[in-house]
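Asks: Okay, structure incoming, though there's no sequence with it:
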C-alpha cells in the first residue's frame with residue numbers, strides 16, 4: 001500500500017445513525033472510510049429536533065449512501081420504504097439494546113471491508129446485519145431480507 005489509504009479503498013459513503021456513537025464515524029474516517037454521523041451530515045450545529053427515519057432514508061437515497069443503524073424498529077416500520085428507495089443498509093444488532101463505542105468500532109472495523117466486497121460481488125444484496133454476542137467473539141456478518 002502506498003500514499004492515501006482512502007484512495008485505495010472502494011469507498012462508498014456511509015451514514016452512521018444517531019443510535020450509534022458519532023466518535024465511531026470519526027475513527028473510521030481516520031483510516032480512510034467516507035463515513036459521517038447523522039447529526040453532522042443532516043443537522044450540523046443543532047440538537048433540538050429529532051431526525052426521522054424517512055428523512056434519513058431520503059438523504060441516503062439522494063446521495064447513494066449506506067445507512068448504518070442499530071434500530072430494528074426502523075427496519076420493520078419502514079420496510080416498504082427501504083425496499084422501494086433502493087438504499088443499502090447495515091443493521092448493527094445490539095444485544096439488550098446497548099453497546100459501547102468500542103464494541104461498535106470493533107464490529108464496524110471488522111465488517112466494513114467485507115460489506116464493501118459483498119456490495120461489489122453481489123450488488124443486488126442491499127441489506128446486511130452485523131453483530132457480536134460478546135466482546136470476545138468474532139463479529140458475524142450476513143445478508144438479510146427485509
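Replies: Cool, got the structure. Just so it is clear, the structure is predicted and the values come from calculations on it, not from any experiment.
Asks: gap between residue 81 and residue 89?
Replies: 11 Å (Cβ to Cβ, to the nearest Å). In short, each C-beta sits where N, CA and C put it, glycine included.
Asks: Mind giving me the packing neighbours of the lengthiest helix in the chain?
Replies: Ranked by residue count and defined by DSSP state H, the top helix of the chain is helix 101-121. The contact analysis (3 or more Cβ pairs under 8 Å, 6 or more residues apart in numbering; DSSP states H and E) places helix 101-121 against helix 22-30, strand 88-92, strand 127-131, strand 140-143.
Asks: Out of the ones you listed, which is closest to residue 113?
Replies: Closest approach to residue 113 among these is made by strand 140-143 (10.1 Å; Cβ to Cβ).
Asks: Could you check which helix or strand contains residue 133?
Replies: Assessed by DSSP states H and E, residue 133 sits outside every helix and strand.
Asks: Just give the nearest non-adjacent residue to it, would you?
Replies: Setting aside the residues directly before and after it, residue 133 is nearest to residue 95 in space (Cβ to Cβ, 6 or more residues apart in numbering), at 6.1 Å.
Asks: Does the one you found touch residue 137 like I think?
Replies: No: counting by Cβ atoms under 8 Å, residue 95 stays clear of residue 137, with 10.6 Å between them.
Asks: Please list the outside residues in contact with the longest helix of the chain.
Replies: 9-12, 14, 20-21, 23-24, 27-28, 31, 33, 66, 68, 88, 90, 92, 125, 128, 130-132, 135, 138-139, 141, 143 (Cβ atoms under 8 Å, 6 or more residues apart in numbering).
Asks: Nothing else from me, thank you.
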